[in-house]
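Engineer: Here's my sequence, what's the structure:
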Amino acid sequence: MHPDHPDHQPLPTNRPVRRTIDPASAERRVGRHRAPEPPRRGPARSVPGRIAVATGVTCCLGLIGVAGVGESSPAHLEVREAVADRAAADQRASRDFTRLPPPAAAALPPPAPTPGATPATKKPPRKPVRPERPRPVAGLDQRQMDNAKAIVDVGREMKMPRRALVVAVATAMQESNLYNLASDVLPESFDHPHQGSGSDHDSVGLFQQRPSSGWGTVAQLMRPAYAARAFYAALREVPGWEDMSVTAAAQAVQVSAYPDAYARHEKRATTVVAALV
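Structural biologist: As a prediction, the model looks like this:
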């Protein structure tokens, strides 16, 4: 045979023997070629460890006794440090059922005011308001009381003293019985609001003032407010009227034929003024 024929090839004397390598046996090799072992699960990463940490300091302390194996590993050191920090802070686990009750509502601070809101303020109590039509007193009817109020209101507007108000009301009681009277002598006086009529010359109104004497026109004197203003203006011109009696002060203005008639109305006039002021 030819030397190159396969049957004539000499067998090598140092040919390596082929072996099947078991993976398990390869992992059991020693030395620096030893296969790395799987990392151990520390108690902080296991389910029992997480439950123990969540239940509080007591369970964490019990975890150290249970996880005594491998204390020298870094995972165990981290668990011990976490337990120590938790115990120092005296913290409770989030699932602890012994919770404190919420604070009482009275202890809560008042809510902060809304920006731009006006703080609520208490309204002052209302002062009693006198009715527009005061109830009659001293035996007067409502029309008489309304006329007396018109006389008092004008006197207060003119800053007249209380005595002047009494003098004016007493004078109107004597002259017209506190009714706004027209005159039978002056037919035009009936064209204005009136509450009766008189026949004493051309005297009209509450104070029976005469247009012919310069007190004003018929239309003016038939208005209670104007008639009262004219009376107070004349009373101011009387020297020392404040020291006079009601009768003397009224007579100084009216120049009546019965000068003593005004005195009998002083008490009633005082009562009426007291009810209106």
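Engineer: Around residue 238, how many other residues sit close by?
Structural biologist: 15 (other Cβ atoms under 10 Å). (C-beta placed from N, C-alpha, C; glycine too.)
Engineer: Equivalent analysis for the one 4 residues further on, please.
Structural biologist: Residues contacting residue 242 under the criterion other Cβ under 10 Å number 12.
Engineer: Quick one: the strands in the stretch 101-250 of the chain, in order.
Structural biologist: With strands called from DSSP state E, counting those that start in this stretch, the stretch 101-250 of the chain shows them at 182-183, 197-198.
Engineer: Each with direction, which strands does the first one pair with?
Structural biologist: Strand 182-183 sits in its sheet next to strand 197-198 (parallel), going by DSSP bridges.
Engineer: coming back round to it: lowest-confidence stretch among the strands of the stretch 101-250 of the chain?
Structural biologist: When the strands of the stretch 101-250 of the chain are compared by mean pLDDT, strand 197-198 comes last with a mean of 92.
Engineer: Point out the most buried one among the strands of the stretch 101-250 of the chain.
Structural biologist: Highest mean neighbour count of the strands of the stretch 101-250 of the chain: strand 182-183, a mean of 24 (counted as mean count of other Cβ atoms under 10 Å).
Engineer: Looking at the strands of the stretch 101-250 of the chain, which is nearest to residue 172?
Structural biologist: Nearest to residue 172 among the strands of the stretch 101-250 of the chain is strand 197-198; the distance by Cβ to Cβ comes to 13.0 Å.
Engineer: who's in contact with the closest one?
Structural biologist: Strand 197-198 has contacts (Cβ atoms under 8 Å, 6 or more residues apart in numbering) with 176, 181, 182, 183, 184, 189, 190, 204, 208.
Engineer: Can you point out the buried residues in stretch 225-245?
Structural biologist: 226, 227, 228, 229, 230, 231, 232, 234, 235, 241, 244 (16 or more other Cβ atoms under 10 Å).
Engineer: mind checking pLDDT for residue 2?
Structural biologist: The model's pLDDT for residue 2 equals 52.
Engineer: neighbours of residue 256, just the number please.
Structural biologist: 16.
Engineer: ok but it is inside a strand, no?
Structural biologist: No - when classified by DSSP: H, G, I helix; E, B strand; the rest coil, residue 256 is found to be coil rather than part of a strand.
Engineer: Helix or strand: which one has the nearest residue to residue 246 once chain neighbours are set aside?
Structural biologist: Distances taken as Cβ to Cβ, 6 or more residues apart in numbering place residue 266 nearest to residue 246, at 4.6 Å, with adjacent residues excluded. Assigned by DSSP states H and E, residue 266 belongs to helix 266-276.
Engineer: If you count contacts, what does that helix end up packed against?
Structural biologist: helix 142-157, helix 162-176, helix 246-254 (3 or more Cβ pairs under 8 Å, 6 or more residues apart in numbering; DSSP states H and E).
Engineer: now stretch 216-225: mean pLDDT?
Structural biologist: The model assigns stretch 216-225 a mean pLDDT of 97.
Engineer: Show the end-to-end separation of that stretch, please.
Structural biologist: For stretch 216-225, the separation between the terminal residues is 13 Å (Cα to Cα, to the nearest Å).
Engineer: Stretch 225-245 now?
Structural biologist: Stretch 225-245: ends 24 Å apart by Cα to Cα.
Engineer: Equivalent analysis for stretch 256-271, please.
Structural biologist: For stretch 256-271, the end-to-end distance is 24 Å (Cα to Cα).
Engineer: For that stretch, give me every contacting residue.
Structural biologist: 137-139, 166-167, 169-171, 173-175, 245-248, 250-251.
Engineer: same thing but at 10 Å, please
Structural biologist: Stretch 256-271 is contacted by residues 137-140, 148, 151, 162-163, 165-175, 177-178, 200, 208, 245-252, 254, 272 when judged by Cβ atoms under 10 Å, 6 or more residues apart in numbering.
Engineer: Buried only: go through those residues for me.
Structural biologist: Among the contacts of stretch 256-271, the ones that count as buried (16+ other Cβ under 10 Å) are 138, 140, 148, 151, 163, 165-175, 178, 208, 246-252, 254, 272.
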